[in-house]
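1. No sequence on hand, only this structure:
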């Protein structure tokens, strides 16, 4: 059982690329995962070869502390046309070299990332890797399979080779031409969903502002029409109210004054 477990560990611990599937014409960040398989030595150099029959028009490197990335460029004769680009030269490999005292130690792994695009419109792209150890040994991951694998068996049921090359499967899904964006149908759908959400939010915000303005206008008009509290009644209002007060016998300050003045005038007349 121990020997079987060790054998399975070695079979799975190969250099791989993530993601292993992108859309044609897209820009993608490709990350090469490099595990250290030696029990005594550290990985001090990693070289990844890029295709030249279907080259990437653009290749950018992500710096890694303690490692030096060195791209290698070749002249294409004759020039190669990829989509809208006609290339006279292309990057055919990148080598990462560890500084002294730095490396991938036993039981560890490291990831090396690049940005490429647009991705050529082909079925798949092989990117062989070469792993160099501090004891001078070199392991080549260059056995090309028909497609990328995540398990120990191929899609056709055959066993995966011992040293498979990192494989990138290219799909036909149409995606936006966004630099550094990973391709895929889910990415395109996510972008559309964000745009719809933003539009809905803008309409709701505008409607809320309009309703708030209407409510403020109604409140101002209501305050202007409302009578002021504590205002003294006018003389005309008191005169009009006096007869009713006499008839009904209601005693108020304003009504009593009006009735008294009316009685005095009647006595003088008599």
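-> Noted; the coordinates are in hand. Remember, it's a predicted structure, so these values are computed and weren't measured experimentally. Numbers count the residues shown, from 1 in each chain.

2. This structure: helices as residue ranges?
-> Counting by DSSP state H, the chain has helices at residues 2-12, 185-225, 235-248, 253-269.

3. my read: residue 91 touches residue 73, true?
-> Yes. Counting by Cβ atoms under 8 Å, residue 73 is a contact partner of residue 91 at 5.5 Å. The C-beta positions use only the backbone N, C-alpha and C, and glycine is treated the same way.

4. These two - which one has more neighbours?
-> residue 91 (21 against 11; other Cβ atoms under 10 Å).

5. Now do the closest residue to the more buried one other than its chain neighbours against residue 114, distance only.
-> Nearest in space to residue 91, with sequence neighbours left out and distances taken as Cβ to Cβ, 6 or more residues apart in numbering, is residue 59 at 4.3 Å. Taking Cβ to Cβ, to the nearest Å as the criterion, residue 59 is separated from residue 114 by 6 Å.

6. Name the residue in those two with the higher neighbour count.
-> Using other Cβ under 10 Å, the more surrounded residue of residue 59 and residue 114 is residue 114, with 22 against 18.

7. now the protein, which segments are flagged as low pLDDT?
-> Residue ranges of the chain with pLDDT under 70: 1-12, 146-159, 173-205, 226-270.

8. biggest strand in it, by residue count?
-> strand 67-82 (DSSP state E).

9. returning to what we had before: just list whatever residues bridge to the residue nearest to residue 91.
-> Beta bridges link residue 59 to residue 116, judged by DSSP bridges.

10. Help me confirm that it comes into contact with residue 92.
-> No. Counting by Cβ under 8 Å, residue 59 does not reach residue 92; the two are 9.7 Å apart.

11. list residues touching both of these two?
-> residue 50 (Cβ atoms under 8 Å, 6 or more residues apart in numbering).
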